[in-house]
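Q: dropping the sequence and predicted coords here.
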Amino acid sequence: MSGNSQQLLRTTFEQVPELYDRARPNYPPQLFNDLVALAQLPTAARIVEIGCGTGQATLPLAQRGYQITCVELGEQLASLARNKLTSFPNVEVINANFETWQPESTEFDAIVAFTALHWIAPDVRYTKTAALLREHGTLAIVSTRHVLPSHGDPFFIEVQGDYEAVVPDDPSTKAGAGGPPAPDAVEDLSDEISACGRFHNVGTRRYLWDVIYTADEYIAVLNTYSGHRALDDDTRERLLSRIHQRIEARPDRCVRKTYLAMLNVAERF
């Protein structure tokens with residue numbers, strides 16, 4: 001993906017902040033317990049969150065009493081997150097680009113990124129996070145994938161026909177002829193973290209869960225994905241209309257989507 005394409009896709013979430021907040025699934029509660037334990041976060045830890053979006057992952061951390069500085073690129077996303085978190089005086093939401101953001105003070109205890117680090121330029125992801133952390137500070141990265149286990153819903157193989165019909169050459173929306181990958185085929189970021197030379201791995205955890213969507217609910221989710229948002233209105237409407245019809249034609253008129261979240265926690269050298 002070119003740099004320009006990356007920049008375009010990372011701004012598409014700003015188009016539908018309320019829908020994003022409503023449609024995107026929350027993370028498993030155990031993930032936050034594991035993050036706190038693996039990172040050994042002190043009471044009232046100072047945390048930076050990269051790309052907080054609408055604050056879905058910020059809220060569980062704010063409820064634990066941490067002092068959180070959220071850096072969010074989207075102005076409307078930041079505004080929604082700010083409103084959601086108004087009852088937590090220790091949480092600040094800053095509308096800024098993380099790559100160029102310069103805080104007044106550093107030495108943070110931890111930096112967290114929930115399905116956001118991949119939007120940060122590769123040459124900045126680990127150099128800047130390391131520079132912002134105190135000695136032995138921790139970086140916690142959560143990445144998510146749509147996966148298809150052996151018992152998964154075959155809809156996600158069948159629906160490839162709709163992508164082939166409408167956007168056959170678009171890699172950002174085409175999941176491939178075989179559908180989503182199996183959970184065991186998805187690697188976490190341990191090797192990438194080791195190779196960066198700034199952190200060493202502390203631990204990893206994986207979480208697998210299903211969400212059942214009606215046709216309307218699933219289309220709402222698709223309307224928050226960057227690849228789908230980047231399509232022109234006519235193409236997106238034709239694609240989503242086909243998918244909606246496919247779901248409505250199923251006996252139970254719903255789909256069961258399997259999510260995989262991977263938590264990587266690393267310590268700064």
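A: In hand now; what should we look at? Numbering: from 1, shown residues only.

Q: quick one, helices of the stretch 151-269 of the chain?
A: Counting by DSSP state H, counting those that start in this stretch, the stretch 151-269 of the chain has helices at residues 155-158, 160-166, 190-196, 215-222, 226-229, 233-248.

Q: sorry, wrong one. I was asking about the stretch 1-150 of the chain.
A: 3-10, 17-23, 29-39, 58-62, 75-84, 122-132.

Q: how far away is the nearest residue to Leu73 once chain neighbours are set aside from Tyr218?
A: Counting by CB to CB, 6 or more residues apart in numbering, Asn97 is the residue found nearest to Leu73 once chain neighbours are left out, at 5.5 Å. The C-beta positions use only the backbone N, C-alpha and C, and glycine is treated the same way. Applying CB to CB, to the nearest Å, the value for Asn97 to Tyr218 is 32 Å.

Q: the two: who's more crowded?
A: Legend: neighbour count by other CB atoms under 10 Å for Asn97 and Tyr218, higher for Tyr218 (23 against 11).

Q: can you redo the helices of the stretch 1-150 of the chain as CSV with distance to Val255 and mean neighbour count?
A: Below are the helices of the stretch 1-150 of the chain laid out as CSV (distance: least, CB to CB, whole Å; neighbours: other CB atoms under 10 Å):
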stretch, distance to Val255, mean neighbour count
helix 3-10, 24, 13
helix 17-23, 14, 17
helix 29-39, 23, 17
helix 58-62, 27, 22
helix 75-84, 26, 19
helix 122-132, 33, 17
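
Q: so which of those gets nearest Tyr259?
A: Ranking the helices of the stretch 1-150 of the chain by their distance to Tyr259 (criterion: CB to CB) puts helix 29-39 first, at 11.4 Å.

Q: helices and strands around that closest one, which ones?
A: Here helix 29-39 touches helix 58-62, strand 133-147, strand 199-214, strand 254-268, going by 3 or more CB pairs under 8 Å, 6 or more residues apart in numbering; DSSP states H and E.

Q: just want the angle from that helix to strand 133-147.
A: 150 degrees (axes from the mean of the first three to the mean of the last three CA atoms, to 10 degrees).

Q: okay, now the unreliable bits of the stretch 101-250 of the chain?
A: For the stretch 101-250 of the chain, residues meeting the criterion pLDDT under 70 lie at 172-178.

Q: change it to 80
A: 170-178 (pLDDT under 80).

Q: look up how far Tyr259 lies from the residue nearest the centre of the chain.
A: Centroid check for the chain by CA atoms, centre = their mean gives Thr115 as the closest residue, at 2.2 Å. According to CB to CB, Thr115 and Tyr259 sit 10 Å apart.

Q: give me the common contacts of the two.
A: Thr144 (CB atoms under 8 Å, 6 or more residues apart in numbering).

Q: any chance of the helices and strands packed on helix 29-39 in a markdown table, with distance to Phe32 too?
A: Below are the helices and strands packed on helix 29-39 laid out as a markdown table (distance: least, CB to CB, whole Å):
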| stretch | distance to Phe32 |
| --- | --- |
| helix 58-62 | 5 |
| strand 133-147 | 10 |
| strand 199-214 | 11 |
| strand 254-268 | 9 |
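
Q: re earlier: can you redo the helices of the stretch 1-150 of the chain as JSON lines with distance to Phe108?
A: Below are the helices of the stretch 1-150 of the chain laid out as JSON lines (distance: least, CB to CB, whole Å):
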{"stretch": "helix 3-10", "distance to Phe108": "23"}
{"stretch": "helix 17-23", "distance to Phe108": "26"}
{"stretch": "helix 29-39", "distance to Phe108": "12"}
{"stretch": "helix 58-62", "distance to Phe108": "13"}
{"stretch": "helix 75-84", "distance to Phe108": "19"}
{"stretch": "helix 122-132", "distance to Phe108": "5"}
